[in-house]
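[1] I'd like to go over a predicted model; first the sequence, then the structure.
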Amino acid sequence: MIAGTGKFTINIADLVRFPKTALIALLILTSAVIGLSLWPDNWMGHLAGVPTDFDKIGHFSAYLVLSALTVSFATGPHAIWIAILVWLGVGTGLEGLQYFLPHRWPSYYDLAANFGGVFVGAGIGGLIGSRIMNWRATSTHHHAPNTPASPQAPVTNAEDARS
């Protein structure tokens, strides 16, 4: 738990409730982004016929997916903003680390692509998350007939049974 001053207290366990498969996907994608960001060589430059701007599409897409996945399962009043700040921090941190690696170099354009992906992904994740919440809300109110949650009055005569 992270406790601040006043009323602002954040319980990390209540921020995001991931299904197991989504959590595994998030961990794999995060590992891939970290690994590729710190890889000793510009692996994209070795692919024949790949335009140099493709790198920015990769940055944008990676952070879009990470942000959308995190935000779509975010819960609580501050969870979405915290998820956005976490991915902005990861993108900034990885670009900053490249400054200290002899085989890599940071780029403001890469950072801009990361930020754009985070914000677009957060918007998409917010839409997906609201759909998930609406689906959960409507599916929990539908109960099978004759269960204690939705009792049915017994049919007393044949005319009532037809209606």
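    Nice, thanks for sending it over. Please read all numbers here as calculations on a predicted model, not as lab measurements.
[2] what residues does the residue lying closest to Leu97 once chain neighbours are set aside make contact with?
    Nearest residue to Leu97, sequence neighbours excluded (Cβ to Cβ, 6 or more residues apart in numbering): Leu38, at 6.5 Å. Every residue, glycine included, has its C-beta placed from N, CA and C. Contacts for Leu38 (Cβ atoms under 8 Å, 6 or more residues apart in numbering) come out as 94, 97-98, 101, 104.
[3] which one of the residues you listed sits closest to Ile24?
    Among the contacts of Leu38, Leu94 lies closest to Ile24 (Cβ to Cβ), at 21.4 Å.
[4] contacting residues around that closest one?
    Residues near Leu94 by Cβ under 8 Å, 6+ apart: 33-34, 37-38.
[5] buried residues in the strand or helix carrying it?
    Here Leu94 sits within helix 79-98, counting by DSSP states H and E. Neighbour-count burial for helix 79-98 flags 79-80, 82-84, 86-88, 90-91, 94-95, 98 (criterion: 16 or more other Cβ atoms under 10 Å).
[6] go on, stretch 107-119?
    By 16+ other Cβ under 10 Å, the buried positions in stretch 107-119 come out as 110-111, 113-115, 117-119.
[7] next one: stretch 118-126
    118-122, 124-126.
[8] quick one: average confidence on the helix holding Leu94?
    Average pLDDT, helix 79-98: 94.
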